[in-house]
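Novice: predicted model, plus sequence, below.
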Amino acid sequence: MERPHFIGIGGAGMSGIAKILTQRGARVAGSDARESESVAALRALGATVHIGHDAAHLAADATCVVISSAIRADNPELAAAAARDVPVVHRSDALAALMEGLRPLAVAGTHGKTTTTSMLAVSLRTLGLAPSYAIGGDLDVPGSNADQGAGEIFVAEADESDRSFHKYAPEVAIILNVELDHHANYASMDEIHDSFATFVGRVRPGGTLVVSADQQGARELTARVRGRDGLSVRTYGEAEDADVRVLSVTPHGLTSEVTVVLDGEELTFAVSVPGRHYALNAVAALTAGVAMGVPAPELAGALRSYTGVNRRLQLKGEVNGVQVIDSYAHHPTEMAADLDAVRGGATDGRVLVLFQPHLFSRTQELGAEMGAALALADASVVLDIYPAREDPIPGVTSTVIIDAARAAGADVHRAPAKEAAPELVAGMAKPGDLVLTMGAGDVTELGPLILDRLSD
């Protein structure tokens with residue numbers, strides 16, 4: 001790791017690892033498909049970043065090449081590494097190496113990982129514990145998705161999508177939920193449960209698993225792993241049998257107040273983001289922090305300092321009484337949770353959604369559920385599928401979602417083209433409405449354009 005070369009260095013996970021290595025003194029280089037704020041932030045730290053992929057970008061003295069599962073086998077820089085016998089390291093192995101010698105706290109689950117990891121990073125930093133962290137999103141400014149802290153705790157987002165979270169050995173692991181997703185890598189819920197059980201098996205002896213008591217998949221996993229030697233299990237949620245039980249979540253506009261019973265004591269604290277879903281993420285963070293030895297009252301107070309992360313219900317602006325918020329939600333459960341969370345913020349106005357489906361495989365398997373989730377909005381506009389790393393699947397288009405949404409009673413429209421969507425959505429919005437740009441692709445770029453149209 002003295003002279004690593006990252007292929008796809010601007011990605012959320014890759015850029016964080018590159019940043020920490022740079023802060024540790026490594027001479028980091030890499031390439032990405034295009035310029036971005038993440039790339040600019042890495043350059044500001046001293047990393048060398050090339051735009052485009054070319055074998056010539058791999059320096060003669062590169063000690064390893066770091067890749068993610070998104071990098072195709074025919075990438076010219078990867079081919080050059082093979083020809084020169086330069087070791088190739090997966091992103092997860094690099095992250096695991098960064099955690100060695102520290103106290104890792106890994107956050108896993110089908111959704112909610114970035115928010116919960118961010119809550120822990122911010123609150124522990126507020127308490128002066130100086131954690132290191134690696135998150136799948138920026139906290140406040142580009143490049144803030146990772147940091148090398150002076151403390152002993154390392155908080156990391158643990159990605160289950162390609163089973164890479166099997167590489168980590170956390171002292172405390174959080175599992176927020178267990179649902180079927182990532183259909184290119186998992187064929188069934190049995191495979192998902194096996195994968196999460198393997199991750200739990202990696203928890204260090206004497207360590208703790210923090211797991212939802214509410215979500216069915218998580219409960220099934222808990223029943224499967226409870227009783228393992230050297231593993232303490234702490235459940236959290238609204239279920240009566242939860243170890244850390246949520247008594248109430250009281251919304252206050254775009255914030256919430258949460259009351260829990262923890263170790264026999266009632267504790268009430270504020271969460272500076274809206275919705276029950278995010279309140280429960282905060283309770284998971286609280287439970288895990290306490291398992292790491294952080295006093296509950298102090299951590300509960302510090303959790304209020306978390307005010308959001310880019311793309312997770314991030315307010316992009318307000319024009320003429322219309323708020324535009326960006327949501328990374330792309331799984332039906334996430335979509336429903338975010339729509340529920342913002343409903344209170346819309347007061348008497350409507351909730352309008354500009355949704356971009358992410359991945360053909362996900363749309364093929366979950367398109368009907370996505371359509372049902374959109375029925376929770378007052379009106380929605382659906383873009384074409386964002387392919388990311390996938391090739392098209394015959395017969396799988398946004399029509400799958402639109403048909404399901406209409407069958408569920410939704411007011412849904414197809415965007416004639418991505419370029420036309422901001423004008424269409426801005427024309428639908430009225431003062432008091434709240435607009436969500438929703439999805440894991442480049443729909444995030446359209447929020448500012450909607451605001452521009454609203455100001456015309």
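Specialist: Right, received. Where do you want to start?

Novice: can you map out the strands along the stretch 101-250 of the chain?
Specialist: Secondary structure of the stretch 101-250 of the chain (DSSP state E, counting those that start in this stretch): strands at 103-108, 132-134, 146-147, 153-157, 172-175, 207-212, 231-237, 244-252.

Novice: save those as CSV, and put in mean pLDDT too.
Specialist: Listed next are those as CSV, based on pLDDT from 0 to 100:
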stretch, mean pLDDT
strand 103-108, 98
strand 132-134, 96
strand 146-147, 94
strand 153-157, 97
strand 172-175, 98
strand 207-212, 98
strand 231-237, 98
strand 244-252, 93
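
Novice: among those strands, which comes closest to residue 448?
Specialist: When the strands of the stretch 101-250 of the chain are compared by C-beta to C-beta, strand 146-147 sits nearest residue 448, at 25.3 Å. Placement of C-beta: from N, CA and C, glycine included.

Novice: what sits against residue 446?
Specialist: Under the criterion of C-beta atoms under 8 Å, 6 or more residues apart in numbering, the neighbours of residue 446 are 354, 418, 421, 422, 425, 437.

Novice: same deal with residue 46?
Specialist: Per C-beta under 8 Å, 6+ apart, neighbours of residue 46: 22, 28.

Novice: residue ranges in the stretch 51-200 of the chain under the pLDDT threshold?
Specialist: 140-142 (pLDDT under 70).

Novice: with mean neighbour count and distance to residue 48 added, can I get the strands of the stretch 101-250 of the chain in JSON lines?
Specialist: Formatted as JSON lines, those follow (neighbours: other C-beta atoms under 10 Å; distance: least, C-beta to C-beta, whole Å):
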{"stretch": "strand 103-108", "mean neighbour count": "27", "distance to residue 48": "29"}
{"stretch": "strand 132-134", "mean neighbour count": "26", "distance to residue 48": "21"}
{"stretch": "strand 146-147", "mean neighbour count": "24", "distance to residue 48": "18"}
{"stretch": "strand 153-157", "mean neighbour count": "29", "distance to residue 48": "25"}
{"stretch": "strand 172-175", "mean neighbour count": "28", "distance to residue 48": "35"}
{"stretch": "strand 207-212", "mean neighbour count": "26", "distance to residue 48": "38"}
{"stretch": "strand 231-237", "mean neighbour count": "20", "distance to residue 48": "43"}
{"stretch": "strand 244-252", "mean neighbour count": "16", "distance to residue 48": "46"}
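
Novice: surely residue 249 meets residue 268?
Specialist: No. With contact defined as C-beta atoms under 8 Å, residue 249 does not reach residue 268; the gap is 10.9 Å.

Novice: which neighbours do these two have in common?
Specialist: With C-beta under 8 Å, 6+ apart, residue 249 and residue 268 have common neighbours 257, 258.

Novice: helices along this structure, start to end?
Specialist: Counting by DSSP state H, the chain has helices at residues 12-23, 37-45, 76-83, 91-99, 113-126, 189-201, 216-225, 276-291, 296-302, 332-343, 360-374, 399-407, 421-428, 446-454.

Novice: these: which one's closest to residue 177?
Specialist: Between these, helix 216-225 lies closest to residue 177; by C-beta to C-beta that is 5.5 Å.

Novice: does anything pack onto that closest one? Which helices or strands?
Specialist: Counting contacts by 3 or more C-beta pairs under 8 Å, 6 or more residues apart in numbering; DSSP states H and E, helix 216-225 packs against helix 189-201, strand 207-212, strand 231-237.

Novice: closest one to residue 395 among these?
Specialist: The nearest among the helices and strands packed on helix 216-225, by C-beta to C-beta, is helix 189-201 at 24.4 Å.

Novice: low-confidence bits of the stretch 301-450 of the chain, can you list those?
Specialist: 344-346.

Novice: ok, 80 please
Specialist: Counting by pLDDT under 80, the low-confidence segments of the stretch 301-450 of the chain come to 308-313, 344-347, 389.

Novice: would you check how far apart residue 193 and residue 39 are?
Specialist: Separation of residue 193 from residue 39 (C-beta to C-beta, to the nearest Å) stands at 38 Å.

Novice: between those two, who's got more neighbours?
Specialist: Neighbours per residue (other C-beta atoms under 10 Å) separate residue 193 from residue 39, with residue 39 holding more: 23 against 18.

Novice: residues touching the residue nearest to residue 220 when sequence neighbours are not counted, list them.
Specialist: Closest residue to residue 220 apart from its sequence neighbours, by C-beta to C-beta, 6 or more residues apart in numbering: residue 193 at 6.6 Å. Applying C-beta under 8 Å, 6+ apart, we find residue 193 in contact with 178, 217, 220, 221, 224.

Novice: can you pick the most crowded of those residues?
Specialist: residue 178 (26 neighbours).

Novice: may I have the phi/psi pair for that one?
Specialist: phi -130, psi 100 (degrees, to the nearest 10).

Novice: how is the protein divided into domains?
Specialist: 4-89, 101-305, 312-454 (automatic domain parsing).

Novice: need the ones you listed in TSV with distance to residue 95, can you?
Specialist: TSV is the format used below for the domains of the chain (distance: least, C-beta to C-beta, whole Å):
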stretch	distance to residue 95
domain 4-89	6
domain 101-305	6
domain 312-454	20
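
Novice: which of the contacts of residue 193 lies closest to residue 145?
Specialist: Closest to residue 145, out of all of the contacts of residue 193 and judged by C-beta to C-beta, is residue 178, at 24.7 Å.

Novice: quick check: the gap between that closest one and residue 226.
Specialist: Taking C-beta to C-beta, one finds residue 178 at 14 Å from residue 226.
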